[in-house]
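Asks: Build me a model from this:
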Amino acid sequence: MEQVSFDDMQMKTTSINKNQELVKLENIKCKSSYSSTLQDSRGALSQFLVFISDTTSLSQVPVIDMQRLFSAEFMDTELEKLHYASKEWGFFLLINHGVSISLVEKVKVGIQKLFNLPMEEKKKIWQLPGDIEGFGQAFVVSEEQKLDWGDMFYMVTRPINLRKPHLFPKIPLPFKDNLDAYSAELQDLAIKILELMAKALRMEHNDMRSLF
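Replies: Now for the predicted structure:
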């Protein structure tokens, strides 16, 4: 089987049409690359239902309380739950995480407005050749593959030194400032979680953090 590298996928992200503009056209004849048969849809749905039926109820997904992880009374038991969730599930629902809810809502609004920008404004933050950051589609590895009827926007926000100088400064205000603050809070949260995972594994305080 032919292997496709991440770099190969990056190089093929710029030849894709702007999907939101395509759907605005009247009487458009759908390109075969954007079409998906009913059989494809049913197949994907059946696979999803099999996955759900073969796994534990979604209501039993591990829930980790961040406040309890920093409580002298509950820390040990919550740390055990974190260890179990990470080892057996690979993910968990985090509550009382401390990230500003109002900031999250502002980011949601900003994202919606970003996707509703006129195409002339979107072009300013469109993907460059050989890059997946910006508006467009990513992970297009074949001209025969089925494409999504929706554009994506991908951008690295942290660490700051990896931000694209042609991209982040062009994000409209106030979304740019809200996104910057939101990514900073998520970075702080991620570091706390890494340190707690290290503690659960009985590692040195900074051993896990140093890996990232």
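
Asks: Longest helix of the chain, counting residues only.
Replies: helix 175-200 (DSSP state H).

Asks: for whichever helix or strand comes after that one, packing partners?
Replies: Next along the chain after helix 175-200, taking DSSP states H and E as the criterion, comes helix 207-210. Counting contacts by 3 or more Cβ pairs under 8 Å, 6 or more residues apart in numbering; DSSP states H and E, helix 207-210 is packed against helix 175-200. Where C-beta positions appear, they are placed from N, C-alpha and C, glycine not excepted.

Asks: still on that earlier bit, list the buried ones in the longest helix of the chain?
Replies: If you call a residue buried by 16 or more other Cβ atoms under 10 Å, then helix 175-200 has these buried ones: 175, 178-179, 182-183, 192-200.

Asks: Let me have the residues you listed in CSV, adding distance to residue 90 as columns.
Replies: Converted to CSV, these look like this (distance: Cβ to Cβ, whole Å):
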residue, distance to residue 90
175, 32
178, 30
179, 27
182, 24
183, 23
192, 19
193, 14
194, 15
195, 19
196, 16
197, 12
198, 17
199, 19
200, 14
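
Asks: What is the nearest of these to residue 100?
Replies: Of all the buried residues of helix 175-200, residue 100 sits closest to residue 182, with 8.1 Å by Cβ to Cβ.

Asks: Contact partners for that closest one?
Replies: The neighbours of residue 182, taking Cβ atoms under 8 Å, 6 or more residues apart in numbering as the test, are 99, 103-104, 106-107.

Asks: what mean pLDDT does the longest helix of the chain have?
Replies: When pLDDT is averaged over helix 175-200, the result is 95.

Asks: Repeat that for stretch 112-125.
Replies: Computed over stretch 112-125, the average pLDDT equals 93.

Asks: quick one, what contacts residue 197?
Replies: Counting by Cβ under 8 Å, 6+ apart, residue 197 touches 82-83, 86, 208.

Asks: Spell out which residues make up each domain of the chain.
Replies: 36-97, 98-212 (automatic domain parsing).

Asks: From residue 105, how far off is residue 190?
Replies: According to Cβ to Cβ, to the nearest Å, residue 190 and residue 105 sit 21 Å apart.

Asks: returning to that earlier point: for the contacts of residue 182, name the two members farthest from one another.
Replies: Pairwise distances across those peak at 11.9 Å for 99 and 106 (criterion: Cβ to Cβ).

Asks: Of the two, which one has the most company?
Replies: residue 106 (18 against 14; other Cβ atoms under 10 Å).

Asks: Please identify the helix or strand for the more buried one.
Replies: Element membership for residue 106 (DSSP H and E) is helix 101-115.

Asks: helices and strands around that helix, which ones?
Replies: Using 3+ Cβ pairs under 8 Å, 6+ apart, helix 101-115 is in contact with strand 152-154, helix 175-200.

Asks: Does residue 208 touch residue 194 like I think?
Replies: Yes - if you go by Cβ atoms under 8 Å, residue 208 and residue 194 touch, sitting 4.7 Å apart.

Asks: before we move on, back to that, any chance of a markdown table for the contacts of residue 197, columns pLDDT and distance to residue 155?
Replies: Converted to a markdown table, these look like this (pLDDT from 0 to 100; distance: Cβ to Cβ, whole Å):
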| residue | pLDDT | distance to residue 155 |
| --- | --- | --- |
| 82 | 96 | 30 |
| 83 | 96 | 33 |
| 86 | 94 | 28 |
| 208 | 78 | 26 |
